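A.B. asks: got a predicted model here, sequence first, then my questions.
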Amino acid sequence: MITDSQPVLRLDGVTRIHGEGAGEVHALRGIGFVARPGELVAVMGPSGSGKSTLLALAGGLDTPTSGTVTVEGVELGSLNAKERARLRRTSIGYVFQDFNLIPALTAAENVALPVELDGVRTATARKAARAALAEVGLEDLADRFPDEMSGGQQQRVAIARAVVGNRRLILADEPTGALDSHTGEEVLRLLRARCDAGAAGVLVTHEARHAAWADRVVFLRDGVVIDESGADAADDLLSGKHVG
Amino acid sequence: MSIKHGLLALLDAGPMYGYQLRAEFESRTGATWPLNVGQVYTTLARLERDDLIASAGTDDEGHVMYAVTESGSAEVAAWFASPVARNQPPRDELAIKLALAVTVPGVDVPAVIQAQRTATIGALQDYTRLKRTATERLEDSDDPRADLAWSLVLDSLIFAAEAEVRWLDHCEARLARVASTRTAAAQAAASQAAASQASEPPAPVPTPSRKVRR
Ligand SMILES: Nc1ncnc2c1ncn2[C@@H]1O[C@H](COP(=O)(O)OP(=O)(O)OP(=O)(O)O)[C@@H](O)[C@H]1O
Ligand SMILES: [Mg+2]
């Protein structure tokens, strides 16, 4: 595991309070969080513990009430809206809990959109989109619209959109929720491969079997990190086990 | 675990000697349940005594070989044909620990649950990494059967660990719900007491919040 390189994502003392007065909700309370290059970090915790809030802040979709979010050494709070949008398109891949596909665009167009928005030629962007769709096993459905696909297929389009164009930070909110166990595992394999190739990944999941693909598992409860589990012991296991 | 039946099943495929049996057993189960050579030889001695195996001479290097007898072969068939008994669940230390934690006063049950969850997910991470290497190895394996067997054993460990985490989540959610209904009931009781003090005489009808608690 890489430990001394600059983190791709860093949260310092991040608090997020929704609403105000009596209706105030403390979604996150002074969180510290790091994801390094090559690292896949899973976030687990009960419903309402702040997992999606953490991811939205990391992706620059929401701003903290206090504290700082830093992506690739750039503090998001120091960017104007345009700069932040650009960073989101080029460096951050985001898989939303509810997919967020654009209904009027085909699968390939949905995946190509962030690349095209970044000024890449349409033909090049479409080619990258088809390659990303192939990685999630959907090359044959590239020209379908979201409402012509199953939930699991839409979810895989959303994943293709997040990994297209080699983003450095991949944030995935329950990316396996609508998938059967085999397809879910394929998605984890893809995320894992992207991280092994140098990206940093943050995966929110309820499923222990999927969290287990991560290098670290961070446990949230009531907006606080309460525990963390690493996989350092696996190296001993790997060297000692199964001669044959 | 039945070492006896494990060894017998291996011998049913062809004669082998002691060290070889141990190596074969471990290559199929990934050394998850290691055997020592002493165990192998005492088991072989018992199997021979019971006429389930017989010594079959020595190989070129002088190893004493064993082979199944007819009744040994029948015993293997019967073992595969009958399910592993589930009528006596193995003693589950975690279930016992949690049952005691919720009943013994002063135990921080959520902390017990979280400590276990972290440990179990750590184990799950280890199994998952082993599984990934096993899956890669399967692709160009020179002993695909044994590698498949090991991979399936890992799946079994993964499913068991996953079930344990799901059960822990379930326990945590149940405890949280019990705690919140208790708080709500206490608050309802308090406000009811306050209301009955304010307006005498007290209303004789049972309040709905009471009914919900039943
Ligand atoms: N826009 C909002 N306005 C008010 N409260 C909000 C808002 N967004 C989230 N919250 C609250 O913040 C807390 C954390 O929400 P969050 O969506 O991060 O939870 P989560 O861990 O992702 O849960 P789940 O597993 O159900 O997706 C919850 O109590 C939620 O109700
Ligand atoms: Mg969420």
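C.D. replies: Thanks, I have it. Numbering: from 1, shown residues only, chains lettered A, B, ... in the order given. Ligands and ions are numbered 1, 2, ... in the order given.
A.B. asks: for chain B, where's the lowest mean pLDDT among helices and strands?
C.D. replies: In chain B, no helix or strand scores lower on mean pLDDT, DSSP states H and E than helix B:208-213, which sits at a mean of 39.
A.B. asks: for the chain, which segments count as strands?
C.D. replies: All of this is about chain A. A:9-18, A:25-35, A:40-44, A:66-71, A:74-75, A:92-95, A:169-173, A:200-204, A:216-221, A:224-230 (DSSP state E).
A.B. asks: try again with chain B
C.D. replies: Using DSSP E, strands in chain B cover B:53-58, B:64-68.
A.B. asks: of those strands, which approaches residue B:20 most closely?
C.D. replies: Closest approach to residue B:20 among the strands of chain B (Cβ to Cβ): strand B:64-68, 8.9 Å. Every residue, glycine included, has its C-beta placed from N, CA and C.
A.B. asks: how about the closest one: buried residues?
C.D. replies: Under the neighbour-count criterion of 16 or more other Cβ atoms under 10 Å in any protein chain shown, strand B:64-68 has B:65, B:66, B:67, B:68 buried.
A.B. asks: one more: stretch B:118-130?
C.D. replies: Per 16+ other Cβ under 10 Å, stretch B:118-130 contains these buried residues: B:118, B:120, B:121, B:122, B:123, B:124, B:125, B:126, B:127, B:128, B:129, B:130.
A.B. asks: want to throw those into JSON lines with distance to chain A and pLDDT?
C.D. replies: Shown next, in JSON lines, are these (distance: Cβ to the nearest Cβ, whole Å; pLDDT from 0 to 100):
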{"residue": "B:118", "distance to chain A": "5", "pLDDT": "94"}
{"residue": "B:120", "distance to chain A": "8", "pLDDT": "94"}
{"residue": "B:121", "distance to chain A": "5", "pLDDT": "95"}
{"residue": "B:122", "distance to chain A": "5", "pLDDT": "94"}
{"residue": "B:123", "distance to chain A": "9", "pLDDT": "93"}
{"residue": "B:124", "distance to chain A": "4", "pLDDT": "94"}
{"residue": "B:125", "distance to chain A": "4", "pLDDT": "94"}
{"residue": "B:126", "distance to chain A": "4", "pLDDT": "92"}
{"residue": "B:127", "distance to chain A": "7", "pLDDT": "93"}
{"residue": "B:128", "distance to chain A": "4", "pLDDT": "93"}
{"residue": "B:129", "distance to chain A": "5", "pLDDT": "92"}
{"residue": "B:130", "distance to chain A": "7", "pLDDT": "91"}
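A.B. asks: which members of the residues you listed are the farthest-apart pair?
C.D. replies: B:118 and B:130 (19.1 Å).
A.B. asks: tell me the pLDDT of the spatially most central residue of chain A.
C.D. replies: For chain A, the residue nearest the mean C-alpha position is residue A:171 (1.3 Å; Cα atoms, centre = their mean). Confidence at residue A:171, expressed as pLDDT, is 95.
A.B. asks: then the one 5 residues further on?
C.D. replies: Residue A:176 is assigned a predicted lDDT (pLDDT) of 85.
A.B. asks: thinking it is in contact with residue A:187, fair?
C.D. replies: Yes - here residue A:176 lies in contact with residue A:187, judged by Cβ atoms under 8 Å, at a distance of 5.6 Å.
A.B. asks: any common contacting residues for the two?
C.D. replies: Common neighbours of residue A:176 and residue A:187, using Cβ atoms under 8 Å, 6 or more residues apart in numbering or on different chains, are residue A:155.
A.B. asks: buried set for stretch A:48-60?
C.D. replies: Under 16+ other Cβ under 10 Å, the buried positions of stretch A:48-60 are A:49, A:50, A:51, A:52, A:53, A:54, A:55, A:56, A:57, A:58, A:59, A:60.
A.B. asks: filter those residues by proximity to chain B?
C.D. replies: Among the buried residues of stretch A:48-60, no residue lies close to chain B (Cβ under 8 Å from any Cβ of the partner chain).
A.B. asks: can you tell me which two in these are farthest apart?
C.D. replies: The largest separation in the buried residues of stretch A:48-60, counting by Cβ to Cβ, is between A:49 and A:60 at 21.3 Å.
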